[in-house]
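Participant: fold the following and give me the result.
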Amino acid sequence: MNAESTAFRASRPSVAAPGGEGARAAAWLLSWPMRLAATPLGRRLLAALLLGVVLVSGVSYLYDSPDPAKASAAMGSVGLAVQAPAAATGPGRVAAAAPAGKATAPGPADVAAAWWAARQKVAIDRVRSLQQRRVSANETQVLVVAEGPGSMPSRFVTVRKGPSGWRVP
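Facilitator: Below is the predicted model of the structure:
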């Protein structure tokens, strides 16, 4: 005789659920993953499902987490590097003098951002330069966007370089 013989003991019911058809259907539904895992194809399907869930949750986490703040804080409103603020001044303290150096002329992004800010009637720090494309040696198009109340208008602004510097024609 073997251990599976039912001559000396009663066979076990496949699903022991009290309470009628609804409870029996719920028990069948809850036992479905275990019955699926009992077959080779079912194990492969469950492994693929688990791998998919892990990959989707990993990519979702990467898209939900913001970029490091130090990279964006080092950029100014029009995409230029910003210097660190001077030390705080108080009673009896004198602010450190700025290093002596040649002041740089505004570039095409600065000129286009200032023009677009005036055109949209917003502050200059609410305008960003997104990209530039060079048309010729003296002409550049700059894509600018303004963060206005309720909208974000954008436009390619053509900037030309003349003897006095960059200007919007």
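Participant: so which elements touch whichever helix in the chain runs longest?
Facilitator: When the chain is parsed with DSSP state H, its longest helix is helix 40-64. Judged by 3 or more CB pairs under 8 Å, 6 or more residues apart in numbering; DSSP states H and E, helix 40-64 is in contact with helix 21-37. (C-beta placed from N, C-alpha, C; glycine too.)
Participant: next, the angle helix 40-64 makes with the helix it packs on.
Facilitator: Helix 21-37 and helix 40-64 are oriented at 90 degrees to each other (axes from the mean of the first three to the mean of the last three CA atoms, to 10 degrees).
Participant: ok, and the closest non-adjacent residue to residue 166?
Facilitator: Excluding its sequence neighbours, the residue lying closest to residue 166 (CB to CB, 6 or more residues apart in numbering) is residue 111, at 4.4 Å.
Participant: got the contact list for the residue lying closest to residue 124 once chain neighbours are set aside?
Facilitator: Residue nearest to residue 124 in three dimensions, not counting chain neighbours: residue 117, with 4.6 Å by CB to CB, 6+ apart. Contact analysis of residue 117 by CB atoms under 8 Å, 6 or more residues apart in numbering lists 123, 124, 126, 127, 146.
Participant: so which of those residues is surrounded by the most neighbours?
Facilitator: residue 127 (25 neighbours; other CB atoms under 10 Å).
Participant: residue 124 against residue 113, yeah?
Facilitator: Yes. At 6.5 Å, residue 124 and residue 113 qualify as touching, with contact defined as CB atoms under 8 Å.
Participant: okay, domains of this structure per the record?
Facilitator: 21-64, 108-167 (automatic domain parsing).
Participant: most tightly packed of these?
Facilitator: Most buried of the domains of the chain, by mean neighbour count (mean count of other CB atoms under 10 Å): domain 108-167, with a mean of 16.
Participant: quick check: end-to-end length of that one?
Facilitator: Using CA to CA, to the nearest Å, one end of domain 108-167 lies 8 Å from the other.
Participant: one step back: and the contacts of residue 117 as TSV, adding pLDDT?
Facilitator: Below are these laid out as TSV (pLDDT from 0 to 100):
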residue	pLDDT
123	90
124	91
126	91
127	93
146	91
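Participant: where along the chain do the helices fall?
Facilitator: 21-37, 40-64, 69-73, 108-120.
Participant: least confident of those helices, on average?
Facilitator: Mean pLDDT is lowest for helix 69-73 out of these, coming in at a mean of 49.
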